[in-house]
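Novice: Compute the structure for the input listed below.
(one chain, ligands or ions: 1)
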Amino acid sequence: MPASAALPATEKKVILVVIDGLTPSMLEDTLERGTAPALALLSEHGRYRRAVSTFPSLTPVCLSALATGAHPDVHEIPHLVWYHRGERRLVEYGSSFGAVRAAGTKRSLVDTVYGLNASHLGHRAVTVYEALEDAGHTAAAINITCYRGRHPHRPTVPFLTRPAYGPSRFFFYNLFESDVTGAPLSVRNRPRGTIDAYATAVGRWLVTRDGFDFLVFYLSDYDYASHAQGPDAAHAALARCDDAIGALVEAAGGADEFLERYAVILCSDHGQTTVGEVARLQDVFPDAIVTASNRAGMVYADGDLAALAARLDGNPAVDVVLRREGGEAVARRDGAELRFSPGAIDGDVSILDHPDGLERAWAALANPNAGELIVSAAAGWEFADLAGRHHSGGGSHGSLIAGDSEVPMLTVGLDVLPASIVEVMPAVLAHFGVAPPPYARRLARA
Ligand SMILES: [Zn+2]
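Specialist: Numbering: from 1, shown residues only. Coordinates of the predicted model:
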C-alpha cells in the first residue's frame, strides 16, 4: 500500500497545479514516454480524464472559472480584451505588448493587477480563497490572476500604491508578497521560464513550512512557449513544469511524504490549437466596437443583431456567431441557426456540437460584460488584436472547438474527478467540507 493512504484523504491539504495552455494530448504523450518524473508520480497515484474549459477559452476567463467554480455568466470576466460599458472604455488584460500599449500601458497594468479582482469579477461569484478562509482554512495563491480574497497586501514596488485583496498567503509576480521568501523574479527571459522559476521558489518555501491548507501553484510559462512553438511542441517548457512540481515534492521530503501530506489537482485552463491564418474582425464591423484577440472576438453594437451576425456568413475565419434574442440564445453558422434556452432547443444542433457547447455558449452570452455578438474562430484561424498582433505559425486558443476547450484533469487523493474546470473549485470545497456556492455544479462522485 502506498504511503499516501496513511492519512485519511479528508485530512490532506490540497495543491492545485495549473499549467497554462497544456493540452491533454501533450500530457498524455509525455506520460507515455516516461520523460516527466514528477508528473508520472502524480499519474501513478491518481486518476485522469479529459475535462472541458469555459468559453471564451482565454486565460483570464478560464482562471476566473477555476477560482470561482463559475462560467462567465457569474464571474463576469468576458475576454482578454473587452468594452467596459459603464466606463466607456476598453479593458485589455494583456493580449500582446502592442495591444497593451494601444489600450494604454498604465491602464492595462491597473486593470490586470487590481481591476480584474477588485471591480470586474462578479459580486455574485465566490472565490475558492474567500470560501475556504471564511471557513477557517489558510489559502495561498502564487501568480494566478484571479486571486480575490479578504486580506489586504501592500505592493512591493513604488509604481503601485494601493493594496490588493488576496488570500492570506499571496504572491503575485513579485508585486505583492505576503511573506519574504527571497524568491527572485526576472521577466527579462520569459522564454527560458523565469516566471515559473519565481513560482517554484515561492512554492518550495511554502511547502517547506507547510504554510497552507490550499495552494494554487500557477505555472504560466508553458502557454507562452506553446503560443510560440505551437501546441504539442513545447517539450522543454513542460519539462520545466515537471521540475517545478518536482521541487515541491522534494521540499516535502520526498514522494511518500508529499503524497501523504497533500491531495493534488493538476489541470490546465484551456487547450491550444495550431493557427496559420489571421482575420481582422474590425474590418467587418467598422461601425461597431470590436474586441478580438487569439481565437475569440466580441462585437459591441446596437441594431439588428441578426443582420450583423449575417455579415460573417461564409467567412472562413468564423465557426460560430452567438447572440441573444430576448430570452433565447442564437448560434449561427453560415446562415443556419440554432435557438436555445435552458430546457428548450430548436434548429440545427450540429452548430453547437462542441464540448459542453450549449452550456458554455449560454453562459458566455449571459455575461453582462460580453459583446452583443460573440464570435468563435474556425480551426486554424486567429483574430488580430488591437495592435494587429497574432500567433500565426504557432498556437492559440479561445474558441469553442475541442482543441481549444479540452484540458487534462489529474487528481490525487480526491473523491471526485472534475469533468469541467468549473468543477474544480466545488471539488476543493467538498474536500474541506465547505458548502459550495449556490451556482456551482453538482459533483458526481467518481
Ligand atoms: Zn491560459
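Novice: just for the stretch 1-150 of the chain, where's the confidence low?
Specialist: 1-10 (pLDDT under 70).
Novice: what does it have sitting close to the ion?
Specialist: 20-21, 59 (CB under 5 Å from the ion). Glycine gets a C-beta too; all of them are placed from N, C-alpha and C.
Novice: Redo those as CSV? Include distance to Ala440 and neighbour count.
Specialist: Below are those laid out as CSV (distance: CB to CB, whole Å; neighbours: other CB atoms under 10 Å):
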residue, distance to Ala440, neighbour count
Asp20, 23, 24
Gly21, 25, 31
Thr59, 22, 25
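Novice: Out of those residues, flag the one nearest to Ala247.
Specialist: Comparing those against Ala247 with CB to CB places Asp20 closest, at 17.8 Å.
Novice: Need the contact partners of stretch 170-186.
Specialist: Outside stretch 170-186, the residues that touch it by CB atoms under 8 Å, 6 or more residues apart in numbering are 113, 140-143, 147, 149, 151, 153-157, 160, 164, 166, 168-169, 187, 194-195, 197-199, 201-202, 205, 211.
Novice: buried sites along that stretch?
Specialist: Buried residues in stretch 170-186, defined by neighbour count with 16 or more other CB atoms under 10 Å: 170-179, 181, 183, 185.
Novice: how much distance is there from it to the middle of the chain?
Specialist: 21 Å (CA atoms, centre = their mean, to the nearest Å).
Novice: Okay, and which of the contacts of stretch 170-186 map to helices?
Specialist: 194-195, 197-199, 201-202, 205 (DSSP state H).
Novice: now, which of those residues lie close to the ion?
Specialist: Of those, not one also sits near the ion (CB under 5 Å from the ion).
Novice: Which of these are buried, as a PyMOL select command?
Specialist: Buried subset of the ones in helices among the contacts of stretch 170-186, written as a PyMOL selection, criterion 16+ other CB under 10 Å:
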select buried, resi 195+197+198+199+201+202+205
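Novice: and the longest helix for the chain?
Specialist: The chain, longest helix under DSSP H: helix 235-251.
Novice: what's next to that one, contact-wise?
Specialist: With CB under 8 Å, 6+ apart, helix 235-251 has contacts from 15, 17, 19, 22, 26-27, 30, 35-39, 41-42, 193, 196, 199-200, 203-205, 207-208, 217, 219, 221-222, 224-226, 255, 258, 266.
Novice: Filter the residues you listed down to the buried ones.
Specialist: 15, 17, 19, 22, 26-27, 30, 36, 38-39, 41-42, 193, 196, 199-200, 203-205, 207, 217, 219, 221-222, 224-226, 255, 258, 266.
Novice: So which of the residues you listed belong to helices?
Specialist: Among the buried ones among the contacts of helix 235-251, the members found in helices (DSSP H) are 26-27, 30, 38-39, 41-42, 196, 199-200, 203-205, 207, 221-222, 224-226, 255, 258.
Novice: coming back round to it: show me how far the longest helix of the chain is from its chain's centre.
Specialist: So, by CA atoms, centre = their mean, the centroid of helix 235-251 is 20 Å from its chain's centroid.
Novice: For the residue in the stretch 251-400 of the chain that the ion sits nearest to, which residues are in contact?
Specialist: Nearest to the ion in the stretch 251-400 of the chain, going by CB to the ion, is Asp269, at a distance of 4.3 Å. By CB under 8 Å, 6+ apart, the contact set of Asp269 is 18, 20-21, 53, 57, 59, 62-63, 65-66, 407, 421.
Novice: Of the residues you listed - the most surrounded one?
Specialist: Ser57 (33 neighbours; other CB atoms under 10 Å).
Novice: OK, contacts around that one?
Specialist: 269-271, 295-296, 397-400, 404-405.
Novice: Farthest pair within these?
Specialist: Asp269 and Leu400 (15.3 Å).
Novice: Looking at this protein, which residue is nearest the ion?
Specialist: For the chain, CB to the ion, closest residue to the ion: Thr59, 3.2 Å.
Novice: So the residue nearest to that residue when sequence neighbours are not counted, which state does it fall into?
Specialist: Spatial nearest neighbour of Thr59, excluding adjacent residues (CB to CB, 6 or more residues apart in numbering): Asp269 at 5.9 Å. Secondary structure assignment for Asp269 (DSSP: H, G, I helix; E, B strand; the rest coil): coil.
Novice: any idea of the pLDDT on Asp269?
Specialist: Residue-level confidence at Asp269 comes out at 98, pLDDT.
Novice: same deal with the one 3 residues further on?
Specialist: The pLDDT attached to Gln272 in the predicted structure is 96.
Novice: neighbours around it, how many?
Specialist: Gln272: 31 neighbours (other CB under 10 Å).
Novice: Around the ion, pick out the residues from the stretch 251-400 of the chain.
Specialist: Residues of the stretch 251-400 of the chain lying near the ion (CB under 5 Å from the ion): Asp269.
Novice: my guess is Pro426 contacts Ala70, does it?
Specialist: No: Pro426 is not in contact with Ala70 according to CB atoms under 8 Å; the separation is 9.9 Å.
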